[in-house]
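> Got a sequence here, can you model it:
(2 chains)
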Amino acid sequence: EAGVAQSPRYKIIEKRQSVAFWCNPISGHATLYWYQQILGQGPKLLIQFQNNGVVDDSQLPKDRFSAERLKGVDSTLKIQPAKLEDSAVYLCASSSGQGVLYEQYFGPGTRLTVT
Amino acid sequence: AQSVAQPEDQVNVAEGNPLTVKCTYSVSGNPYLFWYVQYSNRGLQFLLKYITGDNLVKGSYGFEAEFNKSQTSFHLKKPSALVSDSALYFCAVRSGAGSYQLTFGKGTKLSVIP
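From the prediction side, this is the model:
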C-alpha cells in the first residue's frame, strides 16, 4: 500500500512570496489533515478535511493560509504572503475515518524555509 | 483546552537497558492517548494508543505504555533499548468530547548509546 505522498520535499522562498504544497493521501482515505511543525515543537493541526469539506480550520491563519481538497482526494496548502515565522515542516496525514479508532498516517513532510 | 507535556527534551539510555519517555496530559472528558515516533527526515509513525480498557497498552517494535488516570500520565516504555530506537518521540492526546483535534507534545529525543 502506497503511503501519503507530499511534494515538494524542500522549498526555500523569500518573505512576502507565495508557496504551495501538495498532498496525495492513501487511496480511499476520506479524512485528510495538514499540520505545521516548527523546529523544537510538536505538530499543530492547521486544517482537517472530511472528503472535500472542512471539519476544523480553527488554527489556520486564514489571512495568509488557504487549503483546498476539491475532489476529495488530493489537497493543496497555500501560503500567501509568507512570513519568516512560517518556516516549518508542513505535514500531511490521512485516515480512513475521523474517530479515535482510525490511525493517522503521515507523509514525509515539506520543509519550508522563509528568508 | 487540551495539552500534553513531555518534561524531558532528551533521554539517553544504554543499549539493552530499559527506557522510559514521560508524558502527562490535560483534557476535558475521557482522554484518548497516542505515541508517535519520528525518525530523521521522515514522517511520524504510529506506535500505540490508549482508548479504553487495560491500562497497559502494547504497540509496535516492543514498545508499551501505561495509562495512569490519577497521575494523568501515559509514559512510554521498552524493556530493552536498541540503537535503532534512537529517534524523536511524540505523545498526543485527543478529548473524548467535542473536537477531533489531536494535540501533540513538543517531543523527546531518545538516544540509545551502544
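
> what's the spacing between the residue of chain B found nearest chain A and A:Ala67?
Nearest residue of chain B to chain A (Cβ to the nearest Cβ) works out as B:Phe104 at 3.0 Å. Yep, even glycine has a C-beta here, placed from its N, CA and C like the rest. The gap separating B:Phe104 from A:Ala67 is 19 Å, by Cβ to Cβ, to the nearest Å.

> What about the closest residue to A:Asp86 other than its chain neighbours, how many residues nearby?
The shortest distance from A:Asp86 to any non-neighbouring residue, by Cβ to Cβ, 6 or more residues apart in numbering or on different chains, is to A:Val114 (5.3 Å). A:Val114 has 20 neighbours, counted by other Cβ atoms under 10 Å in any protein chain shown.

> Tabulate the CA atom coordinates of the helix or strand harbouring A:Gln48 in PDB.
Per DSSP states H and E: A:Gln48 is located in strand A:44-50. Provided in PDB are the C-alpha atoms of strand A:44-50 (Å, rounded to 0.1, in the frame of the first residue of the first chain):
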ATOM      1  CA  LYS A  44       0.000  21.600  15.200                       C
ATOM      2  CA  LEU A  45      -3.200  20.900  13.300                       C
ATOM      3  CA  LEU A  46      -3.900  23.600  10.700                       C
ATOM      4  CA  ILE A  47      -6.900  22.100   8.900                       C
ATOM      5  CA  GLN A  48      -8.900  18.800   8.700                       C
ATOM      6  CA  PHE A  49     -10.900  17.700   5.700                       C
ATOM      7  CA  GLN A  50     -13.600  15.100   5.600                       C
END
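
> Distance from the chain centre to the helix or strand just after it, please.
Using DSSP H and E, the helix or strand that follows strand A:44-50 in sequence is strand A:53-56. Its chain's average C-alpha position is 13 Å from that of strand A:53-56, according to Cα atoms, centre = their mean, to the nearest Å.

> sorry, back to before: is it true that the residue of chain B closest to chain A touches B:Ala92?
Yes. With contact defined as Cβ atoms under 8 Å, B:Phe104 counts as touching B:Ala92 (4.6 Å).

> Find the residue at the geometric middle of chain A.
A:Trp34 (2.8 Å; Cα atoms, centre = their mean).

> partners of that residue in the sheet?
Bridge pairing for A:Trp34 (DSSP bridges) gives the partners A:Ile47, A:Cys92.

> A:Pro61: which element?
Per DSSP H and E, A:Pro61 falls between elements, in no helix or strand.

> Repeat that for B:Val4.
Assigning secondary structure by DSSP H and E places B:Val4 in strand B:3-5.

> That strand pairs with which strands, and in what direction?
strand B:24-26 (antiparallel).

> so after the partner strand, what's the next helix or strand?
Once the chain leaves strand B:24-26, the next helix or strand it forms, by DSSP H and E, is strand B:31-38.

> Counting by contacts, list what that next one packs against.
In this structure, strand B:31-38 packs against strand B:44-50, strand B:64-68, strand B:73-78, strand B:87-95, with contacts taken as 3 or more Cβ pairs under 8 Å, 6 or more residues apart in numbering or on different chains; DSSP states H and E.
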